[in-house]
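Asks: From the sequence below, what's the structure:
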Amino acid sequence: MSLESFLNQKNCAIVIVDMQEKLTYDISNLDSLVDRQLELLSAYKHVPVICLELKPISYGNTIKRISSEIYVGNRGVVVEKELGDGFTSDNFNLELNIKGVKNILLMGCNASLCVWATAQSAVERGYSIATSTDFISDSNSLRRSKYNFYDKSLNWYRKYCQVFV
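Replies: Here you go, the predicted structure:
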């Protein structure tokens, strides 16, 4: 299935994870990451968007370039979460149910932490998940970690999700 086919399904949503001011400062490819995310959001305006924010009082809100796009025409909602996994938020579960979502395209930062935790929970709950290295990234410190979290998470995505190139 192509990215276009995935996003044109009636029961699809785009979920943006942790693209917040204080969580994106250490991403070397931030400008290109946001450009690609905005390009997709602009091309698929019919797809609802749920924007997850980790403790906004601590980490700030979603960066303006993205939040201004998701608020156009009330197509997006912001859901606050206390933990990395978006499914720990009752409001996230509620939004997915209200929208009848079965297929989720994940975008965001902290690909090896919060995006990954949310993806794992989604798969366990029976959602079909897709992503692309064009739409997710990790901080430089996580990419440089001796534990290689980013590459390990990408291997998991390739095994359990549709990963578009």
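
Asks: quick one: furthest residue from the center of this protein?
Replies: For the chain, the C-alpha lying farthest from the average C-alpha position belongs to residue 146; by Cα atoms, centre = their mean, that distance is 24.7 Å.

Asks: Surely that residue is within a strand?
Replies: No - secondary structure of residue 146, determined by DSSP: H, G, I helix; E, B strand; the rest coil: coil, with no strand assignment.

Asks: do you know how far it is from residue 136?
Replies: Taken as Cβ to Cβ, to the nearest Å, the spacing of residue 146 relative to residue 136 amounts to 21 Å. Where C-beta positions appear, they are placed from N, C-alpha and C, glycine not excepted.

Asks: so who does residue 113 touch?
Replies: For residue 113, the set of contacting residues under the criterion of Cβ atoms under 8 Å, 6 or more residues apart in numbering consists of 84, 138, 142, 149.

Asks: count of neighbours near the last one?
Replies: Each residue near residue 149 was counted by other Cβ atoms under 10 Å, and the total is 20.

Asks: Following the chain onward from the longest helix along the chain, which element is next?
Replies: Taking DSSP state H as the criterion, the chain has its longest helix at helix 30-43. On the C-terminal side of helix 30-43, the closest following helix or strand by DSSP states H and E is strand 49-54.

Asks: what is the rounded mean pLDDT of the helix or strand immediately after that following strand in the chain?
Replies: Proceeding N to C from strand 49-54, the next assigned helix or strand is helix 56-59, under DSSP H and E. Model confidence over helix 56-59 averages 93 on the pLDDT scale.

Asks: which of the residues in the helix or strand of the chain with the lowest mean pLDDT are buried?
Replies: Across the helices and strands of the chain, mean pLDDT, DSSP states H and E gives its lowest value to helix 140-144, namely a mean of 76. Using 16 or more other Cβ atoms under 10 Å as the burial criterion, the residues of helix 140-144 that qualify are 142, 143.

Asks: ok, now stretch 88-107?
Replies: For stretch 88-107, the buried set under the neighbour-count rule, 16+ other Cβ under 10 Å, comprises 89, 92, 95, 96, 101, 103, 104, 105, 106, 107.

Asks: With stretch 49-63 instead?
Replies: 49, 50, 51, 52, 53, 54, 60, 61, 62, 63.

Asks: Show me the contact partners of stretch 157-165.
Replies: By Cβ under 8 Å, 6+ apart, the surrounding residues in contact with stretch 157-165 are 1-3, 6, 106, 116, 119-120, 123, 128-134, 154.

Asks: PyMOL command to pick out the buried ones of those residues?
Replies: Command for PyMOL, covering only those of the contacts of stretch 157-165 found buried under the criterion 16+ other Cβ under 10 Å:
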select buried, resi 3+6+106+116+119+120+123+128+129+130+131+132+134+154
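
Asks: No further queries at this time; thank you.
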